[in-house]
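Asker: Provide a 3D model corresponding to the input given below.
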Amino acid sequence: MARYTGPTTKVARKFGEPIFGPDKYFEKKNYPPGMHGALKRRKKMSEYGVQLKEKQKAKFIYGVLERQFAKTFSRAERTKGITGVILLQLLESRLDNVVYRMGIAPSRAAARQLVSHRHITLNGRVVNIPSMALRPGDVVGVRERSKSLEVINDSLASNRHGKYSWLEWNSDSFTGKFVSVPEREDIPENIK
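Answerer: Below is the predicted model:
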């Protein structure tokens, strides 16, 4: 599948927050990109503009392009409940996002690459599809021969895996369990 490979700081500046993680260039220039970046053209944004900006922010944060995002939205629309909350829950339950949330990878792009390069197992089987949707009770682990990878060990050493209530991590066996679908209050992303 395709993914966004362009400038990340420019995108973060467009939204006014570091959506791809800490960025020293964002700290230097925390105004919108472009020739008139510091001088905002329009004071008030329309309701459509706000919705479009939030949709684009969600797409960039989770690393999905328009077609895949539209399919996920239509799936959320068919499910009973609040569509926006269900959409975020579906995006949070993707395999690459769960690998990132467990702390196996330092970023979502790195998590996507680890899954694509077959370093991750799901319920004991090696998988290479980053967009795979997880169900409660699924066990995500690091492949036996990949446990010595420097990227994985450095990321696990940063100790991020105990942060989320919907995930459990076992550092002895390098496995984690997707306990439940997260509630909206548990999702730390700033998406309206």
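Asker: what about His117, distance to Ala105?
Answerer: According to Cβ to Cβ, to the nearest Å, His117 stands 11 Å off from Ala105. Placement of C-beta: from N, CA and C, glycine included.
Asker: Of these two, which one has the most company?
Answerer: Taking other Cβ atoms under 10 Å, His117 and Ala105 do not tie; Ala105 has more neighbours (23 against 12).
Asker: so who does Ala111 touch?
Answerer: Neighbouring residues of Ala111 by Cβ atoms under 8 Å, 6 or more residues apart in numbering: Asp96, Asn97, Val99, Tyr100, Ile104, Ala105, Pro130.
Asker: what residues are up against the residue nearest the centre of the chain?
Answerer: Centroid-nearest residue in the chain: Tyr62, 3.7 Å away (criterion: Cα atoms, centre = their mean). By Cβ under 8 Å, 6+ apart, the contact list for Tyr62 reads Leu91, Arg94, Asn97, Arg108.
Asker: again, but for Thr8
Answerer: Going by Cβ under 8 Å, 6+ apart, Thr8 touches Phe20, Asp23.
Asker: make it 6 Å
Answerer: Phe20 (Cβ atoms under 6 Å, 6 or more residues apart in numbering).
Asker: In terms of pLDDT, where does it sit?
Answerer: As predicted, Thr8 sits at a pLDDT of 75.
Asker: So which residues of the chain form helices?
Answerer: Here the chain has its helices, by DSSP state H, at 8-15, 24-28, 47-62, 66-78, 83-92, 95-102, 108-116, 150-157.
Asker: who wins for proximity to Lys192 among the ones you listed?
Answerer: In terms of Cβ to Cβ, the element of those nearest to Lys192 is helix 47-62, at 5.3 Å.
Asker: Could you give me the buried positions within the closest one?
Answerer: Going by neighbour count (16 or more other Cβ atoms under 10 Å), the buried part of helix 47-62 is Lys57, Ala58, Lys59, Phe60, Ile61, Tyr62.
Asker: Columns pLDDT on top of the residues you listed, output as a markdown table?
Answerer: Supplementary listing: these in a markdown table, determined by pLDDT from 0 to 100:
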| residue | pLDDT |
| --- | --- |
| Lys57 | 88 |
| Ala58 | 88 |
| Lys59 | 89 |
| Phe60 | 86 |
| Ile61 | 86 |
| Tyr62 | 88 |
